[in-house]
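Sequence and computational prediction follow.
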Amino acid sequence: PGVVRRLEKPDDKGHEFELASGHRRHSACSAAAQPFYAFVRELTDLELQDELETENRNREDTAPMERAIQYKKQLPSYRSQEHMSSAMKIGSSTMSRYLMLADLPNEVLELIQNRLEISLDAGCTLMQFILDPANDEVFQKNLARLQALKIKLPAKDVLKLLREKPDAGVQKQKLTEQTS
């Protein structure tokens, strides 16, 4: 079973409980139209965050994006990012990287087949690229080009193509034609 806490009032979707642990189990039960059983506990925000962190830390296959989203959601429960890093025993630079990954724009995420395939390094590299004003024109052109395809691509391809200089593909094509 999972662990939930009762919300003071239903959220905007009408949910009366907040899930502390058992997220994957809950998703599987929902997909299979099966009941999901959970213990109802009174938890403070920090206790709830500790449940989330413990569940994910004990799982080896937690994707960086899952952790990034979780950490970003948890951050307001702590005094600061440094306090959160210390409480979770995660280096401050690693925590910064996860929080940066969580800030990938939705317009980028919508291009990706499986968001869980985004690596911490590749996601942070793209975010650093996006945050540099000198790259804005290249990023916007590449974003528009990928959006025009109206298909989802593997994460590594999207993250690479968004940083590519617009004429890089033309140069590759000319080189291929010359060597053929």
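It's in.

Quick check on residue 151: phi, psi?
Main-chain dihedrals, residue 151, degrees, to the nearest 10: phi -140, psi 160.

burial of it, as a residue count?
9 (other C-beta atoms under 10 Å). C-beta here means a position set from N, CA and C on the backbone, and glycine is covered the same way.

do you know how far it is from residue 79?
Note on residue 151: its distance to residue 79, by C-beta to C-beta, to the nearest Å, is 44 Å.

same question, residue 105
With distances taken as C-beta to C-beta, residue 105 is found 28 Å from residue 79.

so the residue nearest the centre of the chain is in which element?
Centroid check for the chain by C-alpha atoms, centre = their mean gives residue 65 as the closest residue, at 3.2 Å. Assigned by DSSP states H and E, residue 65 belongs to helix 64-74.

and the helix or strand following that helix, what does it pack onto?
Using DSSP H and E, the helix or strand that follows helix 64-74 in sequence is helix 81-88. In terms of contacts (3 or more C-beta pairs under 8 Å, 6 or more residues apart in numbering; DSSP states H and E), helix 81-88 is packed against helix 92-102.

Do a quick rundown of the strands in this protein.
For the chain, applying DSSP state E gives strands covering 2-6, 17-21, 38-40.

out of the ones you listed, nearest to residue 130?
Minimum separation from residue 130 across these (C-beta to C-beta) falls at strand 17-21, 31.0 Å.

Give me the contact list for the closest one.
Defining contact as C-beta atoms under 8 Å, 6 or more residues apart in numbering, one finds that strand 17-21 is touched by 2-7, 26, 38, 40-41, 43, 48, 51-52, 54-55.

Could you list the low-pLDDT ranges of the protein?
For the chain, residues meeting the criterion pLDDT under 70 lie at 56-61, 166-180.

circling back: more neighbours: residue 105 and residue 79, which one.
The residue with more neighbours, out of residue 105 and residue 79, is residue 105; 12 against 9, by other C-beta under 10 Å.

Please report the distance of the nearest residue to that one once chain neighbours are set aside from residue 160.
Counting by C-beta to C-beta, 6 or more residues apart in numbering, the nearest residue to residue 105 once its immediate chain neighbours are dropped is residue 130, at 7.2 Å. Per C-beta to C-beta, residue 130 is found 14 Å from residue 160.
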